[in-house]
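**Q** Return a 3D structure for these sequence lines:
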Amino acid sequence: MKSKRLIVIAMLVAGVAQAQTQSALIPDDLRALVQQANANYPVLKQQQEQIKAGELRVDIARTAMRPNVSLNGSYSYITPVPQVTFPINGQEANLKLAPNNNINANVSVGQTIYDFGRTNAAVRQATDNVQVLRRSLEITQQTLDFQVAAAYFGIGYLQRSLIVQDSVINTAGANVRLLTTRLQNGDALEYDVLTQAVRVKVAQNRKIEIQNQLDRQIALLAYLTGNTNPDVSRAVNQFNLGVTGNATAQPFNLDGNIQPALAGNKDVLLAQDRLRAAETEILVNNRAGQPSIGFSGQGGYKNGYPLNVEQPRANMAAGVSVVAPLYAGKRYRLQNQVAQLNLNASRYAVENANAQLRQSIAQLNADIRSNQTRLANLETQVLQARKALDIANARLRNGVITNVELQSAETGVEEAELGRLTFQYQLLLNQLELKRLLGENL
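**A** The predicted structure follows:
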């Protein structure tokens, strides 16, 4: 009897509201999908490469205090060259003051000895930029994980909705067949048959819509995981065995200590990292106008030494230089002003991130309380639909009701169960979003 089948469906859907542990919220097949997403998602790979490039920039900044060694060589031919003529033993002799073939080959060494903290500031700035990149990667990975989880549970919800919707279509179709028979026997109107036929078409269109949503969710999951055929065969079981944990979704107490939430939220942490980077930018600009002390030296061979200007000879030079900027057209002062403005903006960004977190949690709390209330109301509606079905069965046994009215009561139970399933799924999404806002991982 269809009433027994409806009761079985109701028991399966009701299992969604059962309490569960944290580990049960994330089944093993979902964990496997999350791992696939972390391994294959292109944006994660892109950001990982950017972090590697940033780490290399830190090493590049450190090289400013390391020596620079280069091999230099040059050749030039000059004619005429200055020369003098004087008699020797009755003959004139020419003495070149410069060679025609000028040769110079040497190895030069240069190194900054002290730059009053400019290199350290540059290294710190590059390190802060890497930290910002790492935090952005954490946010992307966390968002990806929760997108995969939402898509996975959405697939299970839609699969379960299709099962309930098929039951609605079957019941409405039975009504059409019954009314068609009664029409042939003269016990019903053609209008009654058309009304029930429209009811079937509406239910079928709803099924098409649910199937379309399911296909879109599977396509989204395939994109997120990089798997063109993700295994979602057990997603529907999450709504059978009561492991979705909707009953455990509770509002977050904003009146208590919100510091743990601020300390865990990835967006707040990113804003704080950017604030530290802005503070370092101030330091870098303050060091930009500082003098620097450097050493330079070279050793090699060159010609041009009198009295034999053509003969290459060993030569060596070494020295210390001091460079002290005196005037740069107000550039350093303007750069400091820009850095200070960026620092102020970063401070406001941290305040805004804190306020947005409070707002998001407050809005999510409102959604949780609303969904819990509507779910409780739907529990009453489900109970009323079941009572109506019991009364319809009793009236049928007493011969005071038709089969059409009984099947309408059965359809009411199915539709009420579908509505309850929807709010249970919404509570599950609320729980996932709360975990994300609090900085928790799956």
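**Q** how about the helices in the stretch 151-300 of the chain?
**A** For the stretch 151-300 of the chain, applying DSSP state H, counting those that start in this stretch gives helices covering 190-225, 259-264, 266-288.
**Q** Any idea which of the ones you listed gets closest to residue 327?
**A** With distances scored as C-beta to C-beta, the stretch of these nearest to residue 327 is helix 266-288 (13.6 Å). All C-beta atoms are positioned from the backbone trio N, CA, C, and that covers glycine.
**Q** And the residue nearest to the spatial centre of the chain, how far from residue 93?
**A** Ranked by distance to the mean C-alpha position of the chain (C-alpha atoms, centre = their mean), the top residue is residue 140 at 1.6 Å. Residue 140 is 82 Å from residue 93, where distance means C-beta to C-beta, to the nearest Å.
**Q** what stretches of the stretch 201-350 of the chain score poorly on pLDDT?
**A** Counting by pLDDT under 70, the stretch 201-350 of the chain shows low-confidence ranges at 240-248.
**Q** Go again with 50.
**A** Scanning the stretch 201-350 of the chain with the threshold set as pLDDT under 50 gives 241-247.
**Q** Also the stretch 1-150 of the chain?
**A** 1-23.
**Q** quick one, longest strand in the chain?
**A** strand 101-114 (DSSP state E).
**Q** tell me which residues of that strand are tucked away?
**A** Across strand 101-114, burial judged by 16 or more other C-beta atoms under 10 Å covers 102-104, 106, 112.
**Q** the strands in this structure, which residues?
**A** 68-77, 83-88, 91-96, 101-114, 292-302, 313-323.
**Q** Nearest to residue 229, out of those strands?
**A** Closest among these, using C-beta to C-beta: strand 68-77, at 55.7 Å.
**Q** Compute the inter-axis angle for the closest one and strand 101-114.
**A** Using axes from the mean of the first three to the mean of the last three C-alpha atoms, to 10 degrees, one finds that strand 68-77 and strand 101-114 are set 160 degrees apart in direction.
**Q** so which of the helices of the stretch 151-300 of the chain is the most packed in?
**A** Among these, judged by mean count of other C-beta atoms under 10 Å, the one packed with the most neighbours on average is helix 266-288 (a mean of 19).
**Q** Does that one pack against any helices or strands, and if so which?
**A** helix 118-184, helix 331-397 (3 or more C-beta pairs under 8 Å, 6 or more residues apart in numbering; DSSP states H and E).
**Q** Can you check what angle separates the longest strand of the chain from strand 292-302?
**A** Relative orientation of strand 101-114 versus strand 292-302 (the same axes, to 10 degrees): 160 degrees.
**Q** hmm, what's the outermost residue in the chain?
**A** The chain, C-alpha atoms, centre = their mean, max distance from centroid: residue 90 (94.0 Å).
**Q** follow-up on the earlier one: so for residue 39, which of the helices of the stretch 151-300 of the chain sits nearest?
**A** helix 190-225 (8.8 Å).
**Q** Now do the closest one: which elements does it pack against?
**A** helix 28-40, helix 118-184.
**Q** Can I get those helices in CSV including distance to residue 424?
**A** Rendered in CSV, the data for the helices and strands packed on helix 190-225 read as follows (distance: least, C-beta to C-beta, whole Å):
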stretch, distance to residue 424
helix 28-40, 17
helix 118-184, 8
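**Q** tell me the most buried of those helices?
**A** helix 118-184 (a mean of 20).
**Q** Show me what that one is packed up against.
**A** Looks like helix 118-184 contacts helix 2-14, helix 28-40, helix 42-62, helix 190-225, helix 266-288, helix 403-437 (3+ C-beta pairs under 8 Å, 6+ apart).
**Q** Compare those helices and report which one is nearest to residue 353.
**A** Of the helices and strands packed on helix 118-184, nearest to residue 353 by C-beta to C-beta is helix 266-288, at 4.1 Å.
**Q** now the closest one and helix 403-437, what's the angle there?
**A** Using the same axes, to 10 degrees: helix 266-288 against helix 403-437 is 20 degrees.
**Q** Go ahead and name everything in contact with helix 266-288.
**A** 115-118, 121-122, 124-125, 128-129, 131-132, 135-136, 138-139, 142, 262-263, 332, 335-336, 339-340, 342-343, 345-347, 349-350, 352-354, 356-357, 439 (C-beta atoms under 8 Å, 6 or more residues apart in numbering).
**Q** Distance from that helix to the middle of the chain?
**A** Using C-alpha atoms, centre = their mean, to the nearest Å, the mean C-alpha position of helix 266-288 is found 22 Å from that of the whole chain.
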